[in-house]
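J.: everything below, folded, please.
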Amino acid sequence: MADYTVKGFSPAAWLLLPAAMVSGAIAGVALGGGWVWLGIAELPLLALVDTALGPDHRPRAPLAGWFADLLLVLQLPLVASLWCVFAWRVGPAAAGLQGADWVGLVLSTAFVTAYGALPASHELGHRDDVFRRKVGNLLDTFLLAPYGVLSHNHVHHLALDTLVDAETARRGQSVYSFMIYMGWNRHLESWRVEAARLRRMGYSPWSWRSAVWRGFAQYALVLTAVAAMAGGRGVGLAVLISVLALLMLTALSYSQHYGMTRVPGSTVHMHHAWNHLYPLTRGGMFEITTHSQHHMDVDVRYWNLTPLPDAPQMPSAWLCLLMALLPPLWLRVMRPRLADWDQQHAVGAEQSLARQANAAAGWSQPVAETT
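T.: Residues are numbered from 1 along each chain as shown. Next up is the predicted model:
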């Protein structure tokens, strides 16, 4: 295993991985037949190679801001192209699909939609300018979450690691339970945030000015375009793909704060987020998993985020996605990590909250008091 703890920079070339992932899936769908499995096959390959490469604690190589942003914006035409090729494949070119090919097509399009859109939309959703935020919003539309940034920015970043945060998985909670919990509650939180904003402006929550209604309108336009090319069957599959993509993105969130505790309203420190500091994770997700500094200073752009080896660490995020699908394996990996977090990172009242979380999960691991 390579040693990435030495001096130097993490290559900026890894940031081309999201575009390569989507491009590969587009090629697979276009070729048809068994090639439609190419998108979902990227997941185990990424997990294997990322783990073999080993942790990468180096700072990102210097990168011009305009080019770093271009990489983010590029994901929108790529994901839109994937959906166009998908609609063509299930419509005029459906003869190129047989039996299980339909399953591969749906899984590949859903997986690559989730991870082609989410990391870029996450970064763009933290920007202040209208253009970049709109690109992020349009990417989220394919994920059936065109207003998810409301919940993420106004709830998650304030309430992470607490019981009110929809993006924090509780100890003992399976990824399957969390998918439904986060998927639904993230929508509810976004609706509440937007309703409160409209009321402050003197408008009804049902006003046409609502970002929620605009989001539904955008998604309706996407489905209309799919229907024009692939008919009702295409629309049904498109909705299924969006739902699966939404659930797949919750699987990433599952591992980001799993089991952590924090006193509501307290200062966020580097131990309040798990970090996946592996090269294909960092590059393939636009540093979304260089997680601790992002929560401590949300204004730091992704290419300037600093890997913190002393913060709580996790395996490759791609590997975590696979392990989470097997809850007994996930618990075998995570319970020792959480025991270490309780002992080495949790401070003050967080330790009491950790004991309560262990009890709620039916775990018996003690947490010693520290000063």
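J.: against residue 135, how distant is residue 360?
T.: Distance of residue 360 to residue 135, computed by C-beta to C-beta, to the nearest Å: 40 Å. For the C-beta atoms, the positions are set from N, CA and C on the backbone; glycine is no exception.
J.: neighbour count winner among these two?
T.: Using other C-beta atoms under 10 Å, the more surrounded residue of residue 360 and residue 135 is residue 135, with 22 against 13.
J.: same for the helix or strand bottoming out on mean pLDDT in the chain, what does it pack against?
T.: With mean pLDDT, DSSP states H and E as the measure, the helix or strand of the chain carrying the lowest mean pLDDT is helix 148-151 (a mean of 90). Applying 3 or more C-beta pairs under 8 Å, 6 or more residues apart in numbering; DSSP states H and E, one finds that helix 148-151 contacts helix 130-142, helix 175-200.
J.: okay, helices next: where are they in the stretch 1-150 of the chain?
T.: Listed in chain order, the helices of the stretch 1-150 of the chain (DSSP state H, counting those that start in this stretch) span residues 17-31, 38-53, 65-90, 101-124, 130-142, 148-151.
J.: just to be sure, residue 350 is in a helix?
T.: Yes: applying DSSP: H, G, I helix; E, B strand; the rest coil, one finds residue 350 inside a helix.
J.: who are the contact partners of it?
T.: The contact partners of residue 350, taken as C-beta atoms under 8 Å, 6 or more residues apart in numbering, are 261-263.
J.: repeat for residue 197
T.: By C-beta under 8 Å, 6+ apart, the contact list for residue 197 is empty.
J.: how far away is it from residue 148?
T.: Taken as C-beta to C-beta, the spacing of residue 197 relative to residue 148 amounts to 15 Å.
J.: can you name the next helix or strand after the least confident helix or strand of the chain?
T.: Next in sequence after helix 148-151, counting helices and strands by DSSP states H and E, comes helix 157-159.
J.: off-centre distance for that following helix?
T.: 16 Å (C-alpha atoms, centre = their mean, to the nearest Å).
J.: which ones among the contacts of residue 350 map onto helices?
T.: Taking DSSP state H, every one of the contacts of residue 350 sits outside helices.
J.: now these in a markdown table, with neighbour count?
T.: Rendered in a markdown table, the data for those read as follows (neighbours: other C-beta atoms under 10 Å):
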| residue | neighbour count |
| --- | --- |
| 261 | 27 |
| 262 | 22 |
| 263 | 14 |
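J.: narrow those residues to those in strands?
T.: For those, not one is inside strands, with DSSP state E as the criterion.
J.: now, which of these sits nearest residue 269?
T.: When the contacts of residue 350 are ranked by distance to residue 269 (C-beta to C-beta), residue 262 comes first, at 8.7 Å.
J.: the closest one contacts residue 273, doesn't it?
T.: No: in terms of C-beta atoms under 8 Å, residue 262 does not count as a neighbour of residue 273; the distance is 10.0 Å.
J.: spit out the residues that contact the two alike.
T.: Common neighbours of residue 262 and residue 273, counting by C-beta under 8 Å, 6+ apart, are residue 160.
J.: ok so, going back, between the contacts of residue 350, which is closest to residue 353?
T.: The shortest approach to residue 353 among those belongs to residue 261, at 3.8 Å (C-beta to C-beta).
J.: quick one, what contacts the residue nearest to that closest one when sequence neighbours are not counted?
T.: Counting by C-beta to C-beta, 6 or more residues apart in numbering, the nearest residue to residue 261 once its immediate chain neighbours are dropped is residue 353, at 3.8 Å. Under the criterion of C-beta under 8 Å, 6+ apart, the contact list for residue 353 reads 261-263, 346.
J.: sounds good, over and out.
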